[in-house]
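Novice: Can you look at this prediction? I've put the sequence above it.
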Amino acid sequence: MAAAAASAPSDKPHIPVLLRALLKAVAPVTGTWLDGTFGAGGYTRGLLEAGAERVIAVDRDPLAFEMAQEWAAEYGDRLVMQPGVFSRMDEYAQDLDGVVLDLGVSSMQLDLAERGFSFMKDGPLDMRMSQSGPSAADLIAELEEAQIADILFHYGEERASRRIAKAIVRERAIEPITTTLRLAGIIEGCLPRPKPNQSHPATRSFQGLRIAVNAEYDELFEGLLAAERALKPGGLLAVVTFHSVEDRMVKRFLQHRAGKTGRANRYAPEQEETPSQFELVTRKAVGPDDQELAENPRSRSARLRVGRRTEAEPGPISAKELGMPQLKEARK
């Protein structure tokens, strides 16, 4: 771990996405907050500087806490570092004044070639946020062609998923696919050359694999329910997403919990009115302003949604109701 920390880029300041917008939406910041995606600590520091009495910082990546040692001590017992996953946050704390989740891969992980998240740098095909369990290389080596295609399509929203999966299976039979640049090259060979300002051809496929390796959609679904259980009445849930599936899940969760889903059609029977677990603080998703886009181009796809917890008891909801992608069984 020390070697990984030493190779982390130290000359690039970490820029937390939508931090100004988030602090404005949840002001005044008081009491105890839980940062479920600690990463490089941008949100945690922002909350502490804005007035939070204490922040419980959760991350499944051991490197996150190792890299924070240089500055964490200045906050004393106001900062509590909690290794783990945010889907279990209600086991770590109760009666929270706020929860913030910044979804997706952190710049800290992207910038380390040895973590295998980026197709721009050569490194082992890893992508594990927790640095444990099956890696992306393991999935590529072991899954059937149909399973790989489903991951790329449902998790990466890659329309050429079947063509790419077929190429992956063909190439792994010749030589194992164990590095990021080899996989990126296989994907590039399946797709047209990108036009100016278009994303890299491997973007969607790498996203899909990363989500599968880290079970990110399951984690988000369980994390939203855990936040509902952990927040006290009046507590705030703030979630920053980076692509349409995550944003849809968060949007539907907050709308459902705020009683804003309505009937499927006007002929459907009236449903019994139930108490709302959340009130919508942001009616629409908040995106980056021009200043933030200039400061941090990575923020261009970010969206912030905020809800306020009511006194209503937590209730049941299914992953399907949130539009969470469901992988099919492997086709024989």
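Specialist: Thanks, I have the structure now. Numbers count the residues shown, from 1 in each chain.
Novice: what's the residue closest to the geometric middle of the protein?
Specialist: Most central in the chain under CA atoms, centre = their mean is L103, positioned 2.3 Å from the mean C-alpha point.
Novice: CA atoms of stretch 46-66 as PDB?
Specialist: Output of stretch 46-66 as PDB, limited to C-alpha atoms (Å, rounded to 0.1, in the frame of the first residue of the first chain):
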ATOM      1  CA  GLY A  46     -16.000  21.000   2.700                       C
ATOM      2  CA  LEU A  47     -18.600  20.000   5.300                       C
ATOM      3  CA  LEU A  48     -16.300  20.400   8.200                       C
ATOM      4  CA  GLU A  49     -15.200  23.900   7.000                       C
ATOM      5  CA  ALA A  50     -18.900  24.800   6.500                       C
ATOM      6  CA  GLY A  51     -19.900  24.000  10.100                       C
ATOM      7  CA  ALA A  52     -20.500  20.300  10.500                       C
ATOM      8  CA  GLU A  53     -19.600  19.300  14.100                       C
ATOM      9  CA  ARG A  54     -18.500  15.800  13.000                       C
ATOM     10  CA  VAL A  55     -18.200  13.900   9.700                       C
ATOM     11  CA  ILE A  56     -18.100  10.100   9.600                       C
ATOM     12  CA  ALA A  57     -16.000   9.300   6.400                       C
ATOM     13  CA  VAL A  58     -16.800   5.900   4.800                       C
ATOM     14  CA  ASP A  59     -14.700   4.300   2.000                       C
ATOM     15  CA  ARG A  60     -14.000   0.800   0.900                       C
ATOM     16  CA  ASP A  61     -10.700   1.700  -0.600                       C
ATOM     17  CA  PRO A  62      -7.900   1.500   2.100                       C
ATOM     18  CA  LEU A  63      -5.800   3.900   0.100                       C
ATOM     19  CA  ALA A  64      -8.300   6.700   0.700                       C
ATOM     20  CA  PHE A  65      -7.600   6.800   4.400                       C
ATOM     21  CA  GLU A  66      -3.900   6.300   4.000                       C
END
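Novice: Test my guess that the residue nearest to the centre of the chain contacts V239.
Specialist: Yes - with contact defined as CB atoms under 8 Å, L103 reaches V239; the gap is 6.9 Å. Bear in mind the C-beta positions are built from the backbone N, C-alpha and C, glycine included.
Novice: check contacts around the residue nearest to the centre of the chain.
Specialist: By CB atoms under 8 Å, 6 or more residues apart in numbering, the contact list for L103 reads 37, 216, 220, 239-242, 246.
Novice: which of those count as buried?
Specialist: Among the contacts of L103, those classed as buried by 16 or more other CB atoms under 10 Å are 37, 216, 220, 239-242, 246.
Novice: Mind picking the two most distant members of those?
Specialist: The span of those, defined through CB to CB, is set by E216 and V240 at 13.8 Å.
Novice: thinking L327 is in contact with Q147, fair?
Specialist: Yes - counting by CB under 8 Å, L327 touches Q147, with 7.4 Å between them.
Novice: the more surrounded of those two?
Specialist: Q147 (18 against 13; other CB atoms under 10 Å).
Novice: how about the more buried one, secondary structure?
Specialist: For Q147, the assignment made with DSSP: H, G, I helix; E, B strand; the rest coil gives helix.
Novice: let's have the chain start at 368 instead
Specialist: I'll keep to 368 as the first residue from here, and by that count the last item is Q514.
Novice: per-residue confidence for it?
Specialist: With respect to pLDDT, Q514 scores 97.
Novice: distance of it from L660?
Specialist: Applying CB to CB, to the nearest Å, the value for Q514 to L660 is 37 Å.
Novice: Ok, D462 next?
Specialist: From D462 across to L660, the span is 37 Å (CB to CB).
Novice: cool, P681 as well?
Specialist: Distance, P681 to L660, using CB to CB: 37 Å.
Novice: Quick check, D426 in contact with G406.
Specialist: Yes - using CB under 8 Å, D426 makes contact with G406 at a distance of 6.6 Å.
Novice: the strands in the protein, which residues?
Specialist: Taking DSSP state E as the test, the strands found in the chain are 399-402, 421-426, 446-450, 463-469, 598-608, 645-647, 670-676.
Novice: For T546, which of the ones you listed is the nearest?
Specialist: Nearest to T546, of all those, is strand 421-426, at 26.0 Å by CB to CB.
Novice: so G590 makes contact with M456?
Specialist: Yes - here G590 reaches M456: they are 7.0 Å apart, a contact under CB under 8 Å.
Novice: Which residues are in contact with each of those two?
Specialist: G403.
Novice: Give me the neighbour count for the closest residue in space to R676 that isn't next to it in sequence.
Specialist: The shortest distance from R676 to any residue other than its chain neighbours is 4.0 Å, reached at L598 (CB to CB, 6 or more residues apart in numbering). By the measure other CB under 10 Å, the count of residues near L598 is 28.
Novice: OK, contacts around L598?
Specialist: L598 makes contact with 462-466, 604, 676, according to CB under 8 Å, 6+ apart.
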